[in-house]
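Novice: build me a model:
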Amino acid sequence: MTFHRRHLLSLSAALAAALALPTAHAVERWNMSVEQPDGNYIAGVARDFAADVARLSNGELEIKTHSNSVLFKRPELKRAVQTGQVQVGDVLISVLGNEDALYEVDAVPLLARDFDSAWKLWQASRAGIESRLAKQGIKLLYSVPWPPQGIYTKTPVTSMANFKGLKFRAYNAATSRMVELMGASPTTVNSGDVPQAFGTGLIEAMITSPATGVDSQAWDFVKYYYDVQAFIPKNVTMVNARAFNSLSPAAQKAVTDAAAAAEKRGWDTARSQTASLTKTLADKGMIVGKTPAAVETDLAKVGATMADEWLKKAGADGKTVLDAARR
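Specialist: Numbers count the residues shown, from 1 in each chain. You can find the predicted model right below:
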């Protein structure tokens, strides 16, 4: 056998062996915009989600998380995912309430004040929210709740009259309306800007979770925290549908399986951390207390008014959700 023939046979054997190997997918790399700072548990759930995707996809898909809204601020996030400027992002779902009332159902005061009720409300509203996002080229992945919302003030509160005229931080349309009905003056401030807003006198009080209180080190600018448990808002994580559909079936399954695990982890973590976060506020010198009885009575009226207003906006779909959540 000539050298030339032996060489051709060797090349043929090598080619046959290479073709027999399983085809490897090129590594896909995505970016994920995360609202919260690294120390916040919602950001931690996002990092674990990304790690799970890489593991479950055998490295076929890698997601890099970018915390503290460094890629896109809250008002820009949904549009950025929809247009593919970023593949994945999380956002406080109730800030989308101006688009559709269903998005802000979890911000109606006193509708769901504990995690069991909030989970039931989420199950009742999820399909409708998924459908609305899908029409805009977005796939819903998972939700993570915040701790129940409380009120932070510089001075003690005994009645709703103490809020009259107070410059009060709000973070969406629902909290702005709630603050108005409480007699205060709402000012929209993102969570990352809270310390500066208090420092400059832009706001004098706020309603938010103990998680945001710890993130912003609220003890540096307010003294009192009232554990009102007014409602339990959620962040939702979404992905550009075209990017998701371009993945292999195995990688798609990795994303959805990781999302299911992230949702369970997020809700479990919120439950477990709420008490410790509230304790941190007290440990740092804040006076932590329950809602004064007179405030609770008046908040019930605020909640009833806002529920009626929300139902008028949400229509039949809203009534279906509330009926399912209340069963």
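Novice: helix or strand for D90, which one?
Specialist: Using DSSP states H and E, D90 sits within strand 88-92.
Novice: that strand packs against which elements?
Specialist: Strand 88-92 sits against strand 28-33, helix 74-82, strand 234-240, with contacts defined as 3 or more C-beta pairs under 8 Å, 6 or more residues apart in numbering; DSSP states H and E. C-beta here means a position set from N, CA and C on the backbone, and glycine is covered the same way.
Novice: now the helix or strand following the shortest one - C-alpha only, CSV.
Specialist: Along the chain past strand 28-33, the next helix or strand (assigned with DSSP H and E) turns out to be helix 41-56. As requested, the backbone C-alpha atoms of helix 41-56 are provided in CSV (Å, rounded to 0.1, in the frame of the first residue of the first chain):
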residue,chain,number,x,y,z
TYR,A,41,-32.3,37.9,48.7
ILE,A,42,-34.1,38.5,45.3
ALA,A,43,-30.7,39.1,43.7
GLY,A,44,-29.5,35.9,45.4
VAL,A,45,-32.3,33.9,43.9
ALA,A,46,-31.4,35.4,40.4
ARG,A,47,-27.8,34.3,40.8
ASP,A,48,-28.9,30.8,41.9
PHE,A,49,-31.3,30.6,38.9
ALA,A,50,-28.4,31.5,36.5
ALA,A,51,-26.2,28.8,38.1
ASP,A,52,-29.0,26.2,37.8
VAL,A,53,-29.4,27.0,34.1
ALA,A,54,-25.7,26.5,33.4
ARG,A,55,-25.8,23.2,35.3
LEU,A,56,-29.0,21.8,33.9
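Novice: the bottom helix or strand of the protein by mean pLDDT?
Specialist: Sorting the helices and strands of the chain by mean pLDDT, DSSP states H and E puts helix 3-20 at the bottom, at a mean of 46.
Novice: where are the low-confidence patches of the stretch 1-150 of the chain?
Specialist: Scanning the stretch 1-150 of the chain for pLDDT under 70 picks out 1-25.
Novice: switch to 90 and redo it
Specialist: Scanning the stretch 1-150 of the chain for pLDDT under 90 picks out the ranges 1-26.
Novice: partner residues bridging L140?
Specialist: For L140, the beta-bridge partners are M238 (DSSP bridges).
Novice: look at it and say how many residues are nearby.
Specialist: Look at L140: counted by other C-beta atoms under 10 Å, it has 20 neighbours.
Novice: measure it to S117 for me?
Specialist: 21 Å (C-beta to C-beta, to the nearest Å).
Novice: what does A107 give?
Specialist: Using C-beta to C-beta, one gets 14 Å for the distance from A107 to S117.
Novice: could you do S276 as well?
Specialist: For S276, the distance to S117 - C-beta to C-beta - is 21 Å.
Novice: out of those two, which sits in the more crowded spot?
Specialist: Counted by other C-beta under 10 Å, S276 and S117 do not tie: S117 has more neighbours, with 15 against 12.
Novice: next, the angle from whichever strand or helix holds that one to strand 234-240.
Specialist: Using DSSP H and E, S117 falls within helix 115-134. For helix 115-134 against strand 234-240, the angle by axes from the mean of the first three to the mean of the last three C-alpha atoms, to 10 degrees is 30 degrees.
Novice: now helix 115-134: buried residues?
Specialist: F115, A118, W119, K120, L121, W122, A124, S125, G128, I129, R132, L133 (16 or more other C-beta atoms under 10 Å).
Novice: likewise stretch 283-291?
Specialist: Buried-residue list, stretch 283-291, by 16+ other C-beta under 10 Å: M286, V288, T291.
Novice: so which of the residues you listed sit within strands?
Specialist: V288 (DSSP state E).
Novice: could you export the buried residues of stretch 283-291 as a markdown table, including distance to E28 and pLDDT?
Specialist: Output for the buried residues of stretch 283-291, formatted as a markdown table (distance: C-beta to C-beta, whole Å; pLDDT from 0 to 100):
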| residue | distance to E28 | pLDDT |
| --- | --- | --- |
| M286 | 46 | 98 |
| V288 | 46 | 98 |
| T291 | 49 | 95 |
